[in-house]
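Colleague: Please find the sequence and the predicted model below.
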Amino acid sequence: MRNVTIIIVGAVVLVGVLAAGGGFYVLDETQQALITQFGEPRRDPVTTPGLKFKTPFIQKVNRFDRRFLEWDGDPNEVPTRDKRFIHVDTYARWRITDALKYFQRLRSEQGAQSRLDDILDGETRNAIAKHDLIEVVRSSNREFAGSEEGTGGGELATTDSIERGRDALAEEVLQAAQSRTADLGIEILDFRFKRINYVEEVQTEVYARMISERNRIAEEFRSEGAGESARINGEKERELKSITSEAYRQAQEIKGRADAEAADIYASAYNRDAEFYRFLKTMEVLRETLDSTAVLVLSTDSDFLRYLGRAR
């Protein structure tokens, strides 16, 4: 019984010593670990999660992330093959593939980020320096929004064609960087251009050219609009004159037929009783020409006097 007690007490003491000295550690699913003794690796990297054991006091756990990590480059001023200076901002994704090499070559994530700055920035400069600006800013040869016939964009669409494009340049940088990081225990998974912009000295010139091009296209639209307006107004005036002429012709025909019909009626009435017709016309003239203050002087052979004499 005494021996059992001694064993139990000894085991408790041993566990306490191990716990106090850091003999146990827990590894998370998102981590991998490398055990070092006095700064030198002693085991293969530990990649499985759970409760782990190490020699207390003299061994140290170096934890590294197993997840995808981010590299965000600083914007740099880079010249293109056609001597155009641009600001290039890039980013990449990477991960630790060999914790032992990673620890031996880079030590920490800060060291890895610093090395990636050198590699990715250098390869970005090399790739851009070997290509013209249009290869960097465009990813395909699709037509511009104003490149349809008659909009003035056709010239841009024919002169600004590319052979590779921005995506191919990003892939070129990625492959070159991957070949340089193979012995560092890391893998670059993806690389992209985040932003590309002209330097301040070039922006004014570029904006002026853009404004000039837009103004030229606007003037073409205005010229086309003015021509179309003149054509529409000309057709309107022609149709208006045609309608007016046709209406005048029809009005004259109607008036002619009315005058002819009136003449026929007058002639028919005159032929029935010429004397009565002459009397009516004379009375109409008197009513239209005389008023209560008028003084009438008639000759002896006047029809007015003759009719007045008969009435008396």
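Modeller: Perfect, thanks for sending it.
Colleague: In which helix or strand does Gly122 reside?
Modeller: With secondary structure defined by DSSP states H and E, Gly122 is part of helix 109-129.
Colleague: now for that helix, which elements pack on it?
Modeller: Judged by 3 or more Cβ pairs under 8 Å, 6 or more residues apart in numbering; DSSP states H and E, the packing partners of helix 109-129 are strand 69-72, strand 76-79, strand 85-96, helix 166-181, strand 186-198. Glycine gets a C-beta too; all of them are placed from N, C-alpha and C.
Colleague: ok but Phe279 is inside a helix, no?
Modeller: Yes - Phe279: assigned to a helix according to DSSP: H, G, I helix; E, B strand; the rest coil.
Colleague: pretty sure Gly50 is touching Val26, no?
Modeller: Yes - counting by Cβ atoms under 8 Å, Gly50 touches Val26, with 7.3 Å between them.
Colleague: now the chain, which segments are flagged as low pLDDT?
Modeller: Per-residue confidence for the chain (pLDDT under 70) gives these ranges: 1-22, 144-160, 298, 303-305, 307-312.
Colleague: swap the cut-off to 50 and go again
Modeller: 13, 18, 20-21, 147-158 (pLDDT under 50).
Colleague: so where do the helices sit in the stretch 201-312 of the chain?
Modeller: 274-289, 303-311 (DSSP state H, counting those that start in this stretch).
Colleague: roughly how far is the first one from the heart of the chain?
Modeller: With Cα atoms, centre = their mean, to the nearest Å as the basis, the distance from the averaged C-alpha position of helix 274-289 to the chain average is 87 Å.
Colleague: on that earlier part again, what helices and strands are in contact with the following helix or strand past the helix holding Gly122?
Modeller: With elements assigned by DSSP H and E, the helix or strand that comes after helix 109-129 is helix 133-137. Under the contact criterion of 3+ Cβ pairs under 8 Å, 6+ apart, helix 133-137 touches strand 85-96, helix 166-181, strand 186-198.
Colleague: In contact with Arg81: list those residues for me.
Modeller: Residues near Arg81 by Cβ atoms under 8 Å, 6 or more residues apart in numbering: 129-132.
Colleague: re earlier: would TSV of the helices and strands packed on helix 109-129 with distance to Arg238 and mean neighbour count be doable?
Modeller: TSV is the format used below for these (distance: least, Cβ to Cβ, whole Å; neighbours: other Cβ atoms under 10 Å):
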stretch	distance to Arg238	mean neighbour count
strand 69-72	69	14
strand 76-79	62	14
strand 85-96	57	18
helix 166-181	55	18
strand 186-198	53	17
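Colleague: In CSV: those, plus distance to Arg287.
Modeller: Shown next, in CSV, are the helices and strands packed on helix 109-129 (distance: least, Cβ to Cβ, whole Å):
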stretch, distance to Arg287
strand 69-72, 108
strand 76-79, 105
strand 85-96, 100
helix 166-181, 100
strand 186-198, 95
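Colleague: Of these, which is nearest Gly111?
Modeller: With respect to Gly111, and counting by Cβ to Cβ, the nearest of the helices and strands packed on helix 109-129 is strand 186-198 at 10.6 Å.
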